[in-house]
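**Q** fold the following for me, if possible:
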Amino acid sequence: MKPKRRNVTGQNILSLRSAASPKITQEDMVARLARQGIEINQSQMAKIESGDRPILDYELAGIAKALKVQVQDLFG
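**A** Okay, here's the model as predicted:
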């Protein structure tokens, strides 16, 4: 049995990142977050997007800023 998702925004983050033009890779996201002082590596980003890792509030705000969307957009 697959464990429950540990966040509700991961799939939307993946969708928004993939739909960006030009497409934003996980590595690009990690770099954008690092410029904001948020240390997430590519493996952690993949786990966030798959729902396997919880996401902290400041990480969510940083991801929204990196994707140039509002935080509420990450909730679908």
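**Q** residue 55 and residue 46, how far apart?
**A** 13 Å (C-beta to C-beta, to the nearest Å). C-beta here means a position set from N, CA and C on the backbone, and glycine is covered the same way.
**Q** higher neighbour count, the two?
**A** Comparing residue 55 with residue 46 by other C-beta atoms under 10 Å, the one with more neighbours is residue 55, at 22 against 14.
**Q** now do the SS call for the residue most central in space within the chain.
**A** The geometric centre of the chain, computed from its C-alpha atoms, lies nearest to residue 13 (C-alpha atoms, centre = their mean), at 4.7 Å. Using DSSP: H, G, I helix; E, B strand; the rest coil, the structure places residue 13 in helix.
**Q** was I right about it contacting residue 75?
**A** No. The pair residue 13 / residue 75 is not scored as a contact, 10.3 Å apart, by C-beta atoms under 8 Å.
**Q** what residue ranges in this structure score low on pLDDT?
**A** 1-3 (pLDDT under 70).
**Q** residue 24 in helix, strand or coil?
**A** coil.
**Q** neighbours around it, how many?
**A** 18.
**Q** contacts only, for it.
**A** Residues counted as contacts of residue 24 (C-beta atoms under 8 Å, 6 or more residues apart in numbering) are 17-18, 32, 66-67.
**Q** what do you get for residue 63?
**A** Contacts for residue 63 were tallied using C-beta under 8 Å, 6+ apart; they are 13, 29, 33, 55, 74.
**Q** give me that answer again for 10 Å
**A** 9, 12-13, 16-17, 29, 32-33, 36, 38, 40, 45, 48, 55, 69, 71, 74 (C-beta atoms under 10 Å, 6 or more residues apart in numbering).
**Q** state the distance from it to residue 12.
**A** Counting by C-beta to C-beta, the gap from residue 63 to residue 12 is 10 Å.
**Q** fine by me, thanks again.
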